[in-house]
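**Q** structure of the sequence below:
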Amino acid sequence: MDNSNQTVVVTGFEPFGEHTINASWVAVQELKKLGLGKDIDLHVYEVPVDYQAVQSLIPVDLFHSHFVTFFIAVSSSS
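**A** So this is what the prediction gives:
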């Protein structure tokens, strides 16, 4: 990776309750397919609908080894 690249982390939530899909994760997957350009190092993660658990699912070394330019948490509501 070129040092001039910017790092963006985007999360979407897993399904919960009676839902079999979560629109936030679908949107994040589409963003990954489209990309953010050649100078953006994009990392996407599906996280549980448990705000306490989210911190342990994002690799801490990602933040130590890269300067994360943006961290975006995508959610949906009913």
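**Q** look at L42 and give its secondary structure.
**A** Using DSSP: H, G, I helix; E, B strand; the rest coil, the secondary structure recorded for L42 is strand.
**Q** helices of the chain, start to end?
**A** 23-34, 51-57, 60-65 (DSSP state H).
**Q** output the lowest mean pLDDT helix or strand found in this structure.
**A** Across the helices and strands of the chain, mean confidence by mean pLDDT, DSSP states H and E is lowest for helix 51-57: a mean of 63.
**Q** okay, buried residues for stretch 37-56 please.
**A** Judged by neighbour count (16 or more other Cβ atoms under 10 Å), stretch 37-56 contains these buried residues: D41, L42, H43, V44, Y45, V47. For glycine as for every other residue, the C-beta is placed from the backbone atoms N, C-alpha and C.
**Q** where does the chain dip in pLDDT?
**A** 1-3, 51-66, 77-78 (pLDDT under 70).
**Q** give me the outermost residue of it relative to its centroid.
**A** Largest separation from the mean C-alpha position in the chain: E18, at 22.9 Å (Cα atoms, centre = their mean).
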